[in-house]
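>>> Turn this into a structure:
(chains A, B, C and D)
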Number of protein chains: 2
Amino acid sequence: MSSPHNPKQNHLLAALPAEDYARLLPDLELLPMPLGWAVYEPGGQMGFMYFPTTSIVSLLYVMESGASAEIAITGNEGLVGISLFMGGESTPSRAVVQSSGNGYRLKAGVLKREFALGGYLQHLALRYTQALITQMAQTAVCNRHHALDQQLCRWLLLSLDRLEGNELVMTQELIANMLGVRREGVTEAAGKLQADGLIQYSRGHIKVLDRARMEKRVCECYAVVKKEFDRLLPYKIPGVPTT
Amino acid sequence: MSSPHNPKQNHLLAALPAEDYARLLPDLELLPMPLGWAVYEPGGQMGFMYFPTTSIVSLLYVMESGASAEIAITGNEGLVGISLFMGGESTPSRAVVQSSGNGYRLKAGVLKREFALGGYLQHLALRYTQALITQMAQTAVCNRHHALDQQLCRWLLLSLDRLEGNELVMTQELIANMLGVRREGVTEAAGKLQADGLIQYSRGHIKVLDRARMEKRVCECYAVVKKEFDRLLPYKIPGVPTT
DNA sequence: AACCTATTGTCCGGTAGCGAACATATGGGG
DNA sequence: CCCCATATGTTCGCTACCGGACAATAGGTT
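Reported below is the predicted structural model:
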């Protein structure tokens, strides 16, 4: 690991058997992913599939009114662009970089060819997709039943799990867009968490001070999603060495 | 079509090329699917994949508190048990028959073998899964942003699209479970729709009287989902005849 | 050092849906 | 044909969040 950037910072790529990884490596292109960049737009043709390494990408739906809601979140545990291998080529949702960093991308054609081989990448991609489905389902449940401060905890923990360290660069305004609530609501919820010593924030920087108590405060949705991701990924193929 | 029951009442099976269909036919087992039957339970091993024909199955999550929320709905346009081919084998959610009727089932082993062939069933199943994902995503959005009477419209229309006729056998109590709200709330919302002449209901029977006005009243979520299902399914393979 | 813009804080009334308790009605089984 | 379980209707106070308007503060820029 001579370079600071390595495709294996992405857990799916890291889990590939040596042979499959070697085949993909020449086509993996390092890419900076800046905050706010739209990885894809609703209905748009996708030319690439993305493997975040140090970035986080939000999948969200923007309504006619302009209001939005996050559907799921992807970081170094996954990939962005499942509709490429699911067959639809596009989706009605939007993917936006929520935390800047890097990632690797693969041309759509290369990805599809590899997927069609029916090898390990196919298995990994499908298992990841199932985990993503669980996250979406739980988002629906959480939106229906849980109070904002619990949802905020869920969101913070899910985001932190996909980054190094305990700090997020993220304004309350942006969090409000993700959660699909007013910014004022986030101010209030975050204020409570700060008053209780769970987090500390200032002007776009949020630090989680007490992760243990955070996990006590969050609704069950977080654990459901986490458990399912841990169960499904990374998929170690019995008897096959990864690099 | 000599029998009243035919696997091709399910749109996915109907879209299979003749050859693939013939290969599966001996393993397709007709099955009555009674109201309330749990097709699968959270975390449970699935022995079969199900293709509803005249029934509707709800995918829902039940929380620790007992409260529930529907995640998606499946009828003759789809299949139940995607985790079998996605690789996870189980899911944290529950699948319950919401409208009794029939379906066909396929042993897990047969399904997996067929899927691994990389043929048309694989393509169809994955495209259906993407449509299902859209439905889940839109459920999350709808839960966040839309009023109960609009959500009720969405739910009624999605259900009707998966049945013959314009009538549902469904109590307000059950609808409330699906939507994750109180029964009283459904009574109120349904009362409004009835007062406006859109529907008519009594003791577990709901008739949609004016579908056109219903579609005006529903939130955008319904159209997003419908459009995506129409776009992705059924997937006609160019140049390959189905029976 | 002053400024300016992004970010966060606070207040107001309004409302949708909750939770609980209770009233009414209807239609299939005895 | 009557009964009664099941389904639907109504009320009350309550809370979380909305919508809008506006205040205060901080940190990078000139």
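>>> Find the centremost residue of chain A, please.
Centroid-nearest residue in chain A: residue A:74, 1.2 Å away (criterion: C-alpha atoms, centre = their mean).
>>> That one contacts residue A:53, doesn't it?
No - the pair residue A:74 / residue A:53 is not scored as a contact, 11.6 Å apart, by C-beta atoms under 8 Å. The way it works is simple: take the backbone N, C-alpha and C, and place the C-beta from them, glycine included.
>>> re earlier: what sits closest to the residue nearest to the centre of chain A if chain neighbours are left out?
Counting by C-beta to C-beta, 6 or more residues apart in numbering or on different chains, residue A:74 lies nearest to residue A:57, which is 4.8 Å off, once chain neighbours are set aside.
>>> next one: residue A:29
Once flanking residues are discounted, residue A:29 sits nearest to residue A:105: 5.3 Å by C-beta to C-beta, 6+ apart.
>>> neighbours around residue A:117, how many?
Residues contacting residue A:117 under the criterion other C-beta atoms under 10 Å in any protein chain shown number 13.
>>> how far does stretch A:53-68 stretch from start to finish?
Stretch A:53-68 has its terminal residues 25 Å apart, counting by C-alpha to C-alpha, to the nearest Å.
>>> Stretch A:53-72 now?
End-to-end for stretch A:53-72, by C-alpha to C-alpha: 17 Å.
>>> Check which residues of that stretch are buried.
Buried residues in stretch A:53-72, counted by 16 or more other C-beta atoms under 10 Å in any protein chain shown: A:53-63, A:68-72.
>>> That one near DNA strand C anywhere?
No - applying C-beta under 7 Å from any atom of the strand, one finds stretch A:53-72 separated from DNA strand C by no less than 14.7 Å.
>>> For residue A:133, give me phi and psi.
The phi/psi pair for residue A:133 (degrees, to the nearest 10) reads phi -60, psi -40.
>>> Is there a neighbour count for it? I'd like the number.
Counted with other C-beta under 10 Å, the neighbours of residue A:133 add up to 27.
>>> check contacts around it.
Residues counted as contacts of residue A:133 (C-beta atoms under 8 Å, 6 or more residues apart in numbering or on different chains) are B:82, B:86, B:91, B:132-133, B:136.
>>> 7 Å instead, please
B:133, B:136 (C-beta atoms under 7 Å, 6 or more residues apart in numbering or on different chains).
>>> And it, how far from residue B:29?
27 Å (C-beta to C-beta, to the nearest Å).
>>> Three-state assignment for residue A:150, please.
helix (DSSP: H, G, I helix; E, B strand; the rest coil).
>>> And it, how far from residue A:181?
Taking C-beta to C-beta, one finds residue A:150 at 12 Å from residue A:181.
>>> Compare these two (neighbour count), which wins?
Using other C-beta under 10 Å as the criterion, residue A:150 and residue A:181 rank with residue A:181 on top: 21 against 18.
>>> What strand or helix carries residue A:102?
strand A:101-107 (DSSP states H and E).
>>> That strand packs against which elements?
strand A:29-33, strand A:48-52 (3 or more C-beta pairs under 7 Å, 6 or more residues apart in numbering or on different chains; DSSP states H and E).
>>> If we go by neighbour counts, what in the helix or strand that the first one is followed by is buried?
The element immediately downstream of strand A:29-33 (helix or strand, assigned by DSSP H and E) is strand A:38-40. Buried positions in strand A:38-40, judged by neighbour count with 16+ other C-beta under 10 Å: A:39-40.
>>> Strand A:38-40 near chain B at all?
No - judged by C-beta under 7 Å from any C-beta of the partner chain, strand A:38-40 stays clear of chain B, getting no closer than 14.1 Å.
>>> Direction included, what does that strand pair up with?
Sheet pairing for strand A:38-40, assigned by DSSP bridges, gives strand A:94-99 (antiparallel).
>>> and the partner strand, is it in reach of DNA strand C?
No - judged by C-beta under 7 Å from any atom of the strand, strand A:94-99 makes no contact with DNA strand C; its nearest approach is 13.4 Å.
>>> ok, residues contacting that strand?
So strand A:94-99 is contacted by A:33-42, A:55-60, A:62, A:80, A:163, A:168-169 (C-beta under 7 Å, 6+ apart).
>>> Put the alpha carbons of that strand into CSV.
Coordinates of each C-alpha in strand A:94-99 appear next as CSV, following Å, rounded to 0.1, in the frame of the first residue of the first chain:
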residue,chain,number,x,y,z
ARG,A,94,-30.7,11.6,-7.1
ALA,A,95,-27.3,10.8,-5.7
VAL,A,96,-25.3,13.6,-4.1
VAL,A,97,-21.9,13.7,-2.4
GLN,A,98,-22.7,14.5,1.2
SER,A,99,-19.2,14.3,2.5
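>>> avg pLDDT for it?
For strand A:94-99, mean pLDDT is 96.
>>> roughly how far is that strand from the heart of the chain?
9 Å (C-alpha atoms, centre = their mean, to the nearest Å).
>>> mind listing what's buried in it?
A:94-99.
>>> Residues contacting stretch A:171-190, please?
Contacts with stretch A:171-190, where a contact means C-beta under 7 Å, 6+ apart, come from A:58, A:60, A:67-70, A:148-149, A:151-152, A:155, A:199, A:201, A:204, B:144-145.
>>> ok, how many other residues are close to residue A:32?
Residue A:32, neighbours per other C-beta under 10 Å, totals 13.
>>> so how far is residue A:121 from the closest residue to it other than its chain neighbours?
Nearest residue to residue A:32, sequence neighbours excluded (C-beta to C-beta, 6+ apart): residue A:102, at 5.6 Å. Distance of residue A:102 to residue A:121, computed by C-beta to C-beta: 20 Å.
>>> ditto for residue A:200
41 Å.
>>> coming back round to it: quick check, the residue nearest to residue A:29 in contact with residue A:31.
Yes - assessed by C-beta atoms under 7 Å, residue A:105 is found in contact with residue A:31 at 5.2 Å.
>>> list residues touching both of these two?
With C-beta under 7 Å, 6+ apart as the test, residue A:105 and residue A:31 reach no residue in common.
>>> which one of those two has more residues nearby?
Set residue A:105 next to residue A:31 and count neighbours by other C-beta under 10 Å: residue A:105 wins out with 23 against 18.
>>> what are the bridge partners for that one, then?
Beta bridges link residue A:105 to residue A:29, residue A:50, judged by DSSP bridges.
>>> picking up where we left off before, quick one: which of residue A:200 and residue A:121 has more around it?
residue A:121 (24 against 15).
>>> got the contact list for the more buried one?
So residue A:121 contacts A:16, A:20, A:114-115 (C-beta under 7 Å, 6+ apart).
>>> Kindly report the same for residue A:41.
residue A:94.
>>> where does it fall, phi/psi-wise?
Reported as degrees, to the nearest 10, the phi and psi values for residue A:41 are phi -110, psi 160.
>>> Distance-wise, check the residue nearest to residue A:32 relative to residue A:227.
From residue A:102 to residue A:227 the distance is 28 Å (C-beta to C-beta).
>>> Which of those two has more residues huddled nearby?
Between residue A:102 and residue A:227, residue A:102 has the larger neighbour count (other C-beta under 10 Å), namely 18 against 13.
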